[in-house]
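Undergrad: Have a look at this prediction, sequence included:
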Amino acid sequence: MTEVPLLYESGGESRFDRVIVITAPRRLREMRRDRPIDEREQRLLPDREKVRRADYHFRNVGSEAELDAWVEG
């Protein structure tokens with residue numbers, strides 16, 4: 001498994017057989033970060049577009065253990 005935060009923005013998706021996009025609501029992402037979401041994030045593709053392009057999608061609104069269980073499954 002490879003984690004690539006800017007996969008679509010860098011055009012790197014063709015290097016992988018399958019893509020999984022993990023999203024979380026903006027408010028939740030802000031709560032999980034040590035600092036506020038900056039203007040850099042506004043230059044990224046919207047989550048909706050990433051999900052449309054991906055082979056799999058997981059909406060991460062639970063615990064880290066729930067995310068780990070989904071990835072292992």
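TA: Structure received.

Undergrad: Next up, identify which helix or strand residue 52 is on.
TA: According to DSSP states H and E, residue 52 maps onto helix 47-53.

Undergrad: Show me what the lengthiest helix in the chain is in contact with.
TA: If you go by DSSP state H, the chain has its longest helix at helix 64-72. Contact with helix 64-72 is made by 1, 20, 22, 58, 60, as judged by CB atoms under 8 Å, 6 or more residues apart in numbering. The way it works is simple: take the backbone N, C-alpha and C, and place the C-beta from them, glycine included.

Undergrad: Tell me which other helices or strands the helix holding residue 52 touches.
TA: Under the contact definition 3 or more CB pairs under 8 Å, 6 or more residues apart in numbering; DSSP states H and E, helix 47-53 sits against strand 20-23.

Undergrad: in the strand it packs on, what counts as buried?
TA: 21, 22, 23 (16 or more other CB atoms under 10 Å).

Undergrad: Give the partner strands of it in its sheet and their orientations.
TA: Partners of strand 20-23 in the sheet, by DSSP bridges, are strand 56-59 (parallel).

Undergrad: Check which residues of the strand it pairs with are buried.
TA: Neighbour-count burial for strand 56-59 flags residue 58 (criterion: 16+ other CB under 10 Å).

Undergrad: Not counting its own residues, what contacts that strand?
TA: Applying CB under 8 Å, 6+ apart, the external contacts of strand 56-59 come out as 18, 19, 20, 21, 22, 23, 24, 51, 67, 70, 71.
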